[in-house]
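1. Sequence and computational prediction follow.
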Amino acid sequence: MTKNNDTISKRKFMEELYRYKRGSVTRRHFLGVTGLGTATAVLAGAMPALRPRRAFAQGDIGDRVVLATWPNYHDPANFDAFTEATGAHVQVNVFGSNEEMLAKLQAGGSGWDVFVPTNYTITTYVGEDLIEALDSSLMPNYDPAAYDPRFSDAGSVDGTLYAVPKNWGTTGYAVNTNHLDGREMTTWKDFWDITMDAYSGRTMVHDYQLTTIGNALKYFGYSFNSVDPNELAEAEKLLLDAKPHLFAISSDYQPPMLNGDAWLTMCWTGDGKQLNTDMPEIAYVLGKEGGEIWSDYYAVPKGAPHRDAAYALINFLLAPEVNAKEVLAHGYPSADANTNALLPEELLNDPILYPAQELLDALEFGAAATLTDPNRAELLARFKSA
Amino acid sequence: MTQRGRNLVLLAPAGAWFLVMLVVPLTVVLIFSFGERGAAGGYVPAFTLDQYANLPARWTAFKNTLILAPVGTLAALLIAYPLAYFLAVRADPKWKTLLLVLVIVPFWTSILIRSYAWIFILGGRGIPALLDWIGIGGVRLINTPFSVLVGIAYGYLPLMVFPIFVNLDRLDKRLLEASSDLGAPPWRTFLQVTLPMSLPGVATGCLLVFILLMGEFLIPALLGGGKVFFVGNALVDLFLQSRNWAFGSAVAATLVAIMLVTVTAYMRLIRRLGAQREDVSLM
C-alpha cells in the first residue's frame, strides 16, 4: 500500500481504529447485539484505505470477501496482506454469539462468504442445509494430518468436510487476585461462593446460556451440557441466588475488569491472556470440576456471494506463517502443528493458552443439543428478568 | 388529470411506504405469532395459541417496561421543561441559536458511544471516585436502575426539549405582560398562562419519548449491566439468542397492542384536557 501523507492518513485511521477495538471494546455479546460490529464493518467498507489499490488482481476472485467472525480474533495486518496479494478487500462483520450467527443465516441473505462457527453448531448448520461441503483441493494450505483431531473432528459430519479448524480455547474465569486476601481460587464452586460473599457486587457472568448455565451446573458437579430438568432447576436456583451479587450479566467484561469495577468474570482464553498481559494481578483459572473446551472453525455458508474469494481467504489464513501471526495477535491457541512450530517457546508454555493436562482432561466440548435446548434458553431469560 | 387522480398519484409513495414498511411486516409478525419454534430455532407454520398462552413467562419484562416508560418520560420532562423554558423565554436572543445547537450537538454522535461515555462517568473511576475523594466512600452508581434512568433522561432529552421549546417560543410575550399588569405574581403567570399554553408541546414530547422508551433495549443493556430486563431485551434474546421467532412475534404483537391502547387513551385524555381549556378560555 502506498504511503499517504495526509495529516492523519486513512490507513493510519484504520490502524488506530483496530487498536482501539483491541484495547477497549471487546467481546462477543455486546458488539453483536448493539450493531457496533456491523457499524464497524460498514465503516471499514467505506474506508478507501482498506479497498484494493491494485487493478491487476481484479476479476480473479472479485474485489471483496465478507467474513463473519468474533471480536479481537484476527491480525488486521494479515487482512491487508491478503488484499495486497489478491486485490480482494476483507469486510469484517463482528458477532456476539453462535446463536446470533445461526439466526442470521436462518433468516437468509446474510451476504457472508466465510464465517467462524464453534464446534457444537456445525451439525445444526448441516441439518438446516446452511453450510457448504468444503472442496479441500481449493485449500492446499489445509494439512489435516497436522491438526490435533480433538480440535478438527467436529469439522466433518458423516465423513464430509464442512469446516476447517481456526483456533481452540477454554472457558474459565479471570480473577483480580488483589482482593483475594490469600484465598485460593481453583474451582467453579469457589467462583460462585466468593461471588455471594467477599466479591459481592464485583462478579460478571456471560450473557450466554451455554457458559453461564454450564458453569452453574459445574457447582454441583453436573455436566456442562446437562439438559436434565432436575439438574437445571438446581443451577437456576444458584443463578437466582447469585444474581443480586452480580456486577453485570454481559460478555463485554474487559473494560470493567481493567478499570477495577469488576474483580471476577467468566472468561475465554484470549481475553484471559489479554487481561493478564495488561494487569498481571488478573489470573486466569480453569475450574477443577471441568467446564468448557471449544474449537472454532472456518466455514462457507450455502450461497456465498464470493465463493472463490472465500476459499482464497481460508487458504491464506491457514498458511502456517499467517496463522502464527494471528495467534500472536489474539492469544488463542492453534491446533495446527505446522503453525505451532513457528511460535515462540514461551507462548507454547503459557499456562493460560495451554493449561495443565489434568485441567484439560476435565473439560467438555459443548453439545449441539445444549445450544438448541429451549429449556436452557427460557432459564436464562428467567435469570435475566429476575 | 382530475383532482382525484392527482391526489392518488401524490398519495402513492406514502401509501406504498405504509404498506411495505408497516402493514406487511406487522402482518408477518402476526402470522408468526400463531406458529411454532422449529427444532433448531426459527419458525414452523402452525395455528396455535400456545405462544400467547406462554406470555406470562415474560411478565417481568412487561412489568419493568411499563414502569420504566412512564418514569423515564417523567424524568426527561422534569429536566427538559426548565431547559426549554430558559431557551425560549429567558435566553438572550443573541445566544439562542448557539444554545439550541448545543442541545442538538450530542445527537450527532451515536447513542451507543454516548452511553459508553456514561459507563465511564458512572463507573468506579468516575463520579464515585470523586465522591470518595471528598469523603463519601463506597458509592456504586453503574449497573443500577438509577444509572439506567440517568441514561434514559440524557438520551431522550432533546426529543423532549424541542417540542416544548417550539411551543414556548411561539408564546405571545404580551400575554405574560398582560397577566403581570393584571396583578398576577410571576408564579401565577407561569401556572395560569405559560404552563397551559405549553401543554401541547409537553404532550407531544411525552408521546415521542414514551413510544420510543417502550421498545428501549440498548440503555438497560449497557448502563444496567444486563441485569435490568425490558421487553426490548426480551425480544432481542428471543430472536437472536434462543431463536424462538414464534414466541418473539407473540411478545412483539402484544407490545404493539399495549402501545396502541395506551397511546390511544393518552391522546383521548389530551384532547379532553384541550377541550376543557377551550371552555375555560371562553368563559
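-> Received the coordinates, thanks. Note that the structure is predicted; figures quoted are calculated from it, not measured.

2. Regarding the residue nearest to residue B:186 when sequence neighbours are not counted, what is its secondary structure?
-> Leaving aside its chain neighbours, residue B:186 sits nearest to residue B:180 (7.7 Å; criterion: CB to CB, 6 or more residues apart in numbering or on different chains). For the C-beta atoms, the positions are set from N, CA and C on the backbone; glycine is no exception. Counting by DSSP: H, G, I helix; E, B strand; the rest coil, the backbone at residue B:180 sits in helix.

3. before we move on, what about residue A:375?
-> Once three-state DSSP is applied, residue A:375 turns out helix.

4. OK, contacts around it?
-> A:227, A:229, A:232 (CB atoms under 8 Å, 6 or more residues apart in numbering or on different chains).

5. and it, what pLDDT?
-> At residue A:375, the pLDDT value in this model is 92.

6. how far away is it from residue A:352?
-> The gap separating residue A:375 from residue A:352 is 33 Å, by CB to CB, to the nearest Å.

7. Could you list the contact residues of the stretch 51-200 of chain A toward chain B?
-> By CB under 8 Å from any CB of the partner chain, the part of the stretch 51-200 of chain A that sits against chain B consists of A:96-97, A:99-100, A:102-103, A:106, A:124, A:127-128.

8. Adding pLDDT, distance to residue B:261 and neighbour count, write the residues you listed out as a markdown table.
-> Listed next are those as a markdown table, based on pLDDT from 0 to 100; distance: CB to CB, whole Å; neighbours: other CB atoms under 10 Å in any protein chain shown:
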| residue | pLDDT | distance to residue B:261 | neighbour count |
| --- | --- | --- | --- |
| A:96 | 80 | 34 | 27 |
| A:97 | 87 | 34 | 23 |
| A:99 | 89 | 32 | 24 |
| A:100 | 89 | 32 | 21 |
| A:102 | 91 | 35 | 25 |
| A:103 | 89 | 30 | 20 |
| A:106 | 89 | 33 | 19 |
| A:124 | 93 | 39 | 21 |
| A:127 | 93 | 42 | 14 |
| A:128 | 92 | 38 | 17 |
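
9. Of those residues, which belong to helices?
-> With helices defined by DSSP state H, the entries of those inside them are A:99-100, A:102-103, A:106, A:124, A:127.

10. Which members of those residues define the maximum pairwise distance?
-> The distance between the two most remote of these (CB to CB) is 18.4 Å, for A:100 and A:127.

11. Just give me the longest strand of chain A.
-> As assigned by DSSP state E, the longest strand anywhere in chain A is strand A:163-176.

12. who touches stretch A:321-328?
-> Residues outside stretch A:321-328 that contact it (CB under 8 Å, 6+ apart) are A:74-75, A:77-78, A:81, A:167, A:316-317, A:333-334, A:336, A:339, A:342-343, A:347.

13. filter those to the buried ones?
-> Among the contacts of stretch A:321-328, those classed as buried by neighbour count (16 or more other CB atoms under 10 Å in any protein chain shown) are A:74-75, A:78, A:167, A:316-317, A:333-334, A:336, A:339, A:342-343, A:347.

14. So residue 62, which state does it fall into?
-> This is for chain A. Put simply, residue A:62 is coil when judged by three-state DSSP.

15. I was thinking of chain B, sorry if that wasn't clear
-> Recorded secondary structure, residue B:62: helix (three-state DSSP).

16. Number of residues surrounding it?
-> By other CB atoms under 10 Å in any protein chain shown, 19 other residues sit near residue B:62.

17. ranges for the strands of the stretch 151-300 of chain A?
-> A:156-157, A:160-161, A:163-176, A:203-205, A:246-249, A:264-268, A:282-285, A:291-299 (DSSP state E, counting those that start in this stretch).

18. and the ones you listed as JSON lines, adding mean pLDDT?
-> Output for the strands of the stretch 151-300 of chain A, formatted as JSON lines (pLDDT from 0 to 100):
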{"stretch": "strand A:156-157", "mean pLDDT": "96"}
{"stretch": "strand A:160-161", "mean pLDDT": "96"}
{"stretch": "strand A:163-176", "mean pLDDT": "97"}
{"stretch": "strand A:203-205", "mean pLDDT": "97"}
{"stretch": "strand A:246-249", "mean pLDDT": "96"}
{"stretch": "strand A:264-268", "mean pLDDT": "97"}
{"stretch": "strand A:282-285", "mean pLDDT": "97"}
{"stretch": "strand A:291-299", "mean pLDDT": "97"}
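
19. Just tell me which of the ones you listed ends up closest to residue A:382.
-> strand A:246-249 (12.4 Å).

20. The closest one: partners in the sheet, and parallel or antiparallel?
-> strand A:203-205 (parallel) (DSSP bridges).

21. Enumerate the positions of the partner strand that are buried.
-> A:203-205.

22. What pLDDT does the model give residue A:364?
-> 96.
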